[in-house]
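**Student:** Could you look at this predicted model? Sequence included:
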Amino acid sequence: MIVHITIFAQKSTKILAPTPPMGWMTWNYFGTDINEKDIREMADAMVSSGMQKAGYNYVFIDDGWVGGRDNRNNIIADPKRFPAGIKAMADYVHAKGLKLGIYSDASPLTCEGYTASLDFEEQDAKTFASWGVDYLKYDYCNAPEDSATAVLRYKKIADALRNSGREIVLGICEWGQRKPWLWAAKAGGQLWRTTGDIRDKWMDLSGKEKVDFNWNGILNTADQNAELHPYSGPGKWNDMDMLLVGLYGKEGPSSTKGGVGCSDTEYQTQMSLWCMMNSPLAASNDLRKMNEATKNILMNQEIIALNQDELGKQCIRKINTENWSVFLKPLKNGDFAVGILNRSKNVQSYDLDFSKIGLNGIYEIKDLWLHQNVGKSNKWNGKVDSHETKVFRLQKI
Ligand code: GLA
């Protein structure tokens, strides 16, 4: 007797990037001036500084690594900058318990004119998989403006990555221009930039709206991203671009292309808002030499816990006036995070009755920058510095 057995292929339900990816990215500090020695040193520093322990585990290589294609059209690393090749780099970071991210573009050439992946999607995805790459940032320079083409090109690389035999997270980078929050998850991306490149400044002072690609400071970026909370969740994140913390306007494209640097208070606000909004966290400063302020901001575990909270809910901006923004983020264990941003140029007092943001009852209030319980109440009032964001964790009692 012949027995027919039907085997149903089980569809994988695993979510890639169930919490926002965290790591360090080459771009803001090095620009295209990258090489394997510096990147290995950064990987070493990621471990020795405590960044890895704090949750940062990707080393993201941005634009500038490609050396063209070989005689079989396989994409290759620049042999001068990466003499050992990308596979050796992947092995190096994996041995430390880290992961490797790489960069390409949905056109023949990247933003800086290096060889990119259009029409080589399958082949490049296989190459990246064979090297042990864990993440691909896929840019959109030199590509047509319309949304339909962008969707097709991103879907093509997403499919190729899915068929590559390795789990590779896809970061879509078309700067929010074609509203990727509406289509990028369906196309196969796990995160998408919602804004143009961030510059190392608090906000744009030109008075013009989005004059050019150098428009975005911390406040502009946060304001644009604040309304996009409905689209974010586990495996589908609004990416607000790199953290500027510790750059101080000194190095790389975020400075030379329109950044003047920020104060530590402003960097602390960036960290607070990027965590409240569940943005991926890509540090971009020199991890080999960080001052105490930079370390305290980047490695604040209680703030990072908001970003990595498994519920995966981006905060909602409940109050927004000329001087104040108040953000509310529900957390998996039933607590709430509340952020109070003083947008003005002066230190000011603020009174927040929690019922105004929909929280009724009495809460134990923990200040996550002071690392202290500051009372049990149905409200908070106190001083907030100019451009400072207070962040509290509220536990109902
Ligand atoms: C674009 C991206 C940046 C960076 C550069 C590299 O501007 O938005 O994040 O990757 O390209 O050239």
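**Tutor:** That came in fine, so what should we check first?

**Student:** alpha carbons only for contacts and neighbour counts from here, please
**Tutor:** Fine.

**Student:** For the chain, what lies in contact range of the ligand?
**Tutor:** 62-63, 111-112, 197 (Cα under 6 Å from any ligand atom).

**Student:** Quick one: buried ones out of those residues?
**Tutor:** Using 16 or more other Cα atoms under 10 Å as the burial test, the residues of the chain next to the ligand include 62-63, 111, 197 as buried.

**Student:** Of the residues of the chain next to the ligand, which belong to strands?
**Tutor:** Using DSSP state E, the subset of the residues of the chain next to the ligand located in strands is empty.

**Student:** Nearest to Glu174 among those residues?
**Tutor:** The nearest member of the residues of the chain next to the ligand to Glu174, counting by Cα to Cα, is Asp197 at 10.0 Å.

**Student:** do you know how far the residue nearest in space to the middle of the chain is from Cys111?
**Tutor:** Among the residues of the chain, the one closest to the centroid is Pro280, at 2.7 Å (Cα atoms, centre = their mean). Using Cα to Cα, to the nearest Å, Pro280 is found at 21 Å from Cys111.

**Student:** and what of Leu298?
**Tutor:** Relative to Cys111, Leu298 is positioned 28 Å away (Cα to Cα).

**Student:** low-confidence ranges in the stretch 151-300 of the chain?
**Tutor:** By pLDDT under 70, the weakly predicted segments of the stretch 151-300 of the chain are 206-212.

**Student:** Smallest distance to the ligand belongs to which residue of it?
**Tutor:** Asp197 (5.1 Å; Cα to the nearest ligand atom).

**Student:** and the nearest residue to Val245 once chain neighbours are set aside, backbone torsions?
**Tutor:** With sequence-adjacent residues excluded and distances taken as Cα to Cα, 6 or more residues apart in numbering, Val245 is closest to Tyr267, at 5.1 Å. Dihedral pair for Tyr267: phi -60, psi -40, per degrees, to the nearest 10.

**Student:** Domain ranges for this protein, per the record?
**Tutor:** 22-307, 316-396 (automatic domain parsing).

**Student:** tell me which element Asn373 falls in.
**Tutor:** According to DSSP states H and E, Asn373 maps onto strand 372-377.

**Student:** can you check Met242 too?
**Tutor:** Judged by DSSP H and E, Met242 forms part of no helix or strand.

**Student:** Can you tell me the number of residues neighbouring it?
**Tutor:** 27 (other Cα atoms under 10 Å).

**Student:** now do Gly339
**Tutor:** Around Gly339 there are 22 residues (other Cα under 10 Å).

**Student:** mind checking the SS state of it?
**Tutor:** strand (DSSP: H, G, I helix; E, B strand; the rest coil).

**Student:** So it sits against Lys390, correct?
**Tutor:** Yes - the pair Gly339 and Lys390 passes the contact test of Cα atoms under 8 Å, sitting 5.6 Å apart.

**Student:** Stretch 256-274 spans what distance, first to last residue?
**Tutor:** Where stretch 256-274 begins and where it ends lie 23 Å apart, using Cα to Cα.

**Student:** Downstream of the strand holding Asn373, the next helix or strand is which one?
**Tutor:** strand 379-384.

**Student:** what helices or strands is the helix or strand following that next one leaning on?
**Tutor:** The helix or strand immediately downstream of strand 379-384 is strand 389-396, counting by DSSP H and E. Identification of packing neighbours for strand 389-396 by 3 or more Cα pairs under 8 Å, 6 or more residues apart in numbering; DSSP states H and E yields helix 264-276, strand 336-342, strand 363-367.
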